[in-house]
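Q: I would like the atomic coordinates for the input below:
(2 chains)
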Amino acid sequence: MTRIAPFVAGFVFAAGLGVGGMTQPSKVLAFLDLFGAWDPSLAFVMLGAIVVHAPAVRWILRRPAPLLAARFVLPIKKDVDGRLLAGAVIFGAGWGMAGYCPGPAITALGGGVGAAAIFVPAMIVGMWFHRVRLTRADPAAAPLPSATRGR
Amino acid sequence: MASFTPVASLVGGAMIGLAASLLLLCDGRIAGISGIVGGLLSPVTGDTTWRALFLLGLALGGLAMRLVDPTLVQTQLDLSPRTLAASGLLVGFGTALGSGCTSGHGVCGLSRGSRRSLVATITFIGTGIVMVWFVRHVLDGYRG
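A: Prediction:
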């Protein structure tokens, strides 16, 4: 059971991305093309996800611990800082170039899409560059701490 | 307006919300894809299996979609390898620096009412819009 839950979550997540249109970069770019042939569909993906997940989060976090793990692992940082803003700016620029964000790119890679076979390794190099190179040079750039709560 | 699919997108979104809820309920983890991948780059003992299994599910979900309806995972864009690689580098670096992507900030963070995630989501959608505007409407005829 402990092994099947994350697998099923990943599979359903991918199916949701596909049904919602997120795995079609042309549709993602149409969502971002506010000054062209704008397609607002992807706002509905976000809306649908939040409508389901927001009440579920409130209900789930009332539990003392998750069903199959010792504790919840949640971000604790609350303040907006330069790292968050710079990261979001850089991510948005890359997203607007090819229409892939991490989830749909990995899903497309599994679906055998050639573009994703270039995008995903480059994405991992980008993450690696931040995590390994910068974290070594500057401890403040290390992954943010998380709060854990549970048994 | 290009093909507007509010119902399919709402349903797909609800499935994403369900998947994120399942992961939180069972494993106590946030379904932020960039964070899940990033955690495998600096692995911590006992913290890798769920990440690998989630990503395997994600990739096999993509394979299943290809078998059911290949149009769901087609790019329909003709981008050069250079553009794809540059885009991937920016997405990887940016999501690591900003501690999240569309799923971690845009779905999970907003669902938890995180102000950081709200600011991040507005920012990356904003720069995404600026990038598409620049490529499509300033660099006229640019195809990557």
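
Q: which regions of chain A sit below the pLDDT cut-off?
A: A:1-2, A:135-143, A:145, A:150-151 (pLDDT under 70).

Q: repeat for chain B
A: For chain B (pLDDT under 70), the answer is B:1-2, B:140-144.

Q: which residue ranges of it form helices?
A: B:6-27, B:33-41, B:49-68, B:81-97, B:110-111, B:115-133 (DSSP state H).

Q: cool, and chain A?
A: A:4-20, A:25-32, A:41-60, A:82-98, A:102-110, A:114-128, A:135-137.

Q: residues contacting the spatially most central residue of chain B?
A: Nearest to the mean C-alpha position of chain B, by Cα atoms, centre = their mean, lies B:Thr102 at 4.8 Å. Neighbouring residues of B:Thr102 by Cβ atoms under 8 Å, 6 or more residues apart in numbering or on different chains: A:Met22, A:Trp95, A:Cys101, A:Pro102, A:Gly103, B:Ile33, B:Thr121, B:Phe124. Glycine gets a C-beta too; all of them are placed from N, C-alpha and C.

Q: B:Asp33 contacts B:Cys101, doesn't it?
A: One thing to correct before we go on: residue B:33 is Ile, not Asp. Yes - B:Ile33 is within contact range of B:Cys101, at 5.9 Å (criterion: Cβ atoms under 8 Å).

Q: out of these two, which sits in the busier spot?
A: B:Cys101 (33 against 27; other Cβ atoms under 10 Å in any protein chain shown).

Q: what about that one, distance to A:Met123?
A: Counting by Cβ to Cβ, to the nearest Å, the separation of B:Cys101 from A:Met123 is 10 Å.

Q: which residues do those two both contact?
A: Common neighbours of B:Cys101 and A:Met123 (criterion: Cβ under 8 Å, 6+ apart): A:Pro102, B:Val91.

Q: for the helices of chain A, which one sits closest to B:Asp78?
A: helix A:114-128 (9.3 Å; Cβ to Cβ).

Q: now the angle between helix A:25-32 and the closest one, please.
A: Put simply, helix A:114-128 runs at 60 degrees to helix A:25-32, going by axes from the mean of the first three to the mean of the last three Cα atoms, to 10 degrees.

Q: which residues does helix A:114-128 contact?
A: A:25, A:98, A:100, A:102, A:105-106, A:108-109, B:34, B:37-38, B:41, B:75, B:77, B:79, B:81, B:84-96.

Q: angle of it against helix B:81-97?
A: Using the same axes, to 10 degrees: helix A:114-128 against helix B:81-97 is 40 degrees.

Q: now helix A:114-128 - C-alpha only, PDB.
A: Below are the C-alpha coordinates for helix A:114-128, written out as PDB (Å, rounded to 0.1, in the frame of the first residue of the first chain):
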ATOM      1  CA  GLY A 114      10.700  14.100 -28.700                       C
ATOM      2  CA  ALA A 115      10.600  17.700 -27.500                       C
ATOM      3  CA  ALA A 116      10.300  16.400 -23.900                       C
ATOM      4  CA  ALA A 117      13.300  14.200 -24.400                       C
ATOM      5  CA  ILE A 118      15.300  17.400 -24.800                       C
ATOM      6  CA  PHE A 119      13.500  19.600 -22.400                       C
ATOM      7  CA  VAL A 120      13.500  17.200 -19.300                       C
ATOM      8  CA  PRO A 121      17.300  16.600 -19.300                       C
ATOM      9  CA  ALA A 122      17.900  20.300 -19.700                       C
ATOM     10  CA  MET A 123      15.500  21.000 -16.800                       C
ATOM     11  CA  ILE A 124      17.300  18.500 -14.600                       C
ATOM     12  CA  VAL A 125      20.600  20.200 -15.400                       C
ATOM     13  CA  GLY A 126      19.000  23.500 -14.500                       C
ATOM     14  CA  MET A 127      17.800  22.100 -11.100                       C
ATOM     15  CA  TRP A 128      21.200  20.400 -10.600                       C
END
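
Q: go through that helix and flag the buried ones.
A: A:Ala115, A:Ala116, A:Ile118, A:Phe119, A:Val120, A:Pro121, A:Ala122, A:Met123, A:Ile124, A:Gly126, A:Met127, A:Trp128 (16 or more other Cβ atoms under 10 Å in any protein chain shown).

Q: now stretch A:64-83
A: In stretch A:64-83, counting by 16+ other Cβ under 10 Å, buried: A:Pro66, A:Leu68, A:Ala69, A:Phe72, A:Val73, A:Leu74, A:Pro75, A:Val80, A:Arg83.
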